[in-house]
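Q: just need the structure, nothing else, for what follows:
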Amino acid sequence: MGLRFGTRRSDSPWVDSVWTCTSDRVTTMTSVAGVRWGLVFWERAGRAFAGVTGPETRTGTAPVPEGATFTGIEFAVGTSLRAIATPALVDGGIELPDTTRRTFRLDGSRWATPGPDDAEALVDRLVRAGIVVRDPLVAELLRGGRPAVSGRTVERRFRAATGMTRGAVRQIERARTAAELLAAGEPAGEVVTKLEYFDEPHLARALRSYVGRTARQLRAGVGGAIALDLDQRRTS
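A: This next block holds a predicted model:
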């Protein structure tokens, strides 16, 4: 089968989703542009690892080793780590040191390695310790508010919190939504209208840049494993 994925949305205001993945052979996966940073924990050949993943501005491919199991936490847009600036994580990430099957080290302290069912409990502890933080101005903006500061200040603080401009976040989120609609069977023309693309070539360019799939591949569910919350995530 290759890869088996599972994803669930979170009720925590600090967390967007929690995901799991297992691999039964060496394979590659299409990574998709995304606007969120995350924590990921994985085991392979009896060894445990942990890392911080950053937002991604483009699609690409990622190798997945055989016999690996992963648990990941995708944080809500606008949250960040106290010790690591989100812009420094864009299109990259860091591996955390001194990881064992039971604990990992972050921001100078050791924390219990979570499973998919207790991810929010870990996040609550990180928030209470001040390790995961949120800019209140960005939070207000994301709720639809209009902060009483200049547009330049809003953009500067948004980029500091997310690593991206508001325009880039909108483009990436729109492309991901388009991919989900196409995978659910919606015709490309309807997706163009619903998401206000100029035309189908405009949609095609966005999918190529951010998703790594064509509209036809998404509707047919072909092209291999992809890091997106689609039914096709069960593909080989």
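
Q: low-scoring pLDDT stretches of this structure, where are they?
A: Applying pLDDT under 70 to the chain picks out residues 1, 230-236.

Q: would you map the helices across it?
A: If DSSP state H is used as the criterion, the helices of the chain fall at 119-128, 136-142, 151-162, 166-183, 188-195, 200-210, 215-220.

Q: residue 35 is nearest to which of those?
A: helix 166-183 (4.8 Å; C-beta to C-beta). Every C-beta, even on glycine, is put in place using the N, C-alpha and C of the backbone.

Q: and the helices of the chain as JSON lines, adding distance to residue 101 and mean neighbour count?
A: Listed next are the helices of the chain as JSON lines, based on distance: least, C-beta to C-beta, whole Å; neighbours: other C-beta atoms under 10 Å:
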{"stretch": "helix 119-128", "distance to residue 101": "15", "mean neighbour count": "18"}
{"stretch": "helix 136-142", "distance to residue 101": "35", "mean neighbour count": "17"}
{"stretch": "helix 151-162", "distance to residue 101": "32", "mean neighbour count": "16"}
{"stretch": "helix 166-183", "distance to residue 101": "33", "mean neighbour count": "19"}
{"stretch": "helix 188-195", "distance to residue 101": "43", "mean neighbour count": "16"}
{"stretch": "helix 200-210", "distance to residue 101": "35", "mean neighbour count": "17"}
{"stretch": "helix 215-220", "distance to residue 101": "37", "mean neighbour count": "19"}
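
Q: take those and write them to JSON lines, including distance to residue 36.
A: Below are the helices of the chain laid out as JSON lines (distance: least, C-beta to C-beta, whole Å):
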{"stretch": "helix 119-128", "distance to residue 36": "13"}
{"stretch": "helix 136-142", "distance to residue 36": "12"}
{"stretch": "helix 151-162", "distance to residue 36": "9"}
{"stretch": "helix 166-183", "distance to residue 36": "10"}
{"stretch": "helix 188-195", "distance to residue 36": "20"}
{"stretch": "helix 200-210", "distance to residue 36": "14"}
{"stretch": "helix 215-220", "distance to residue 36": "21"}
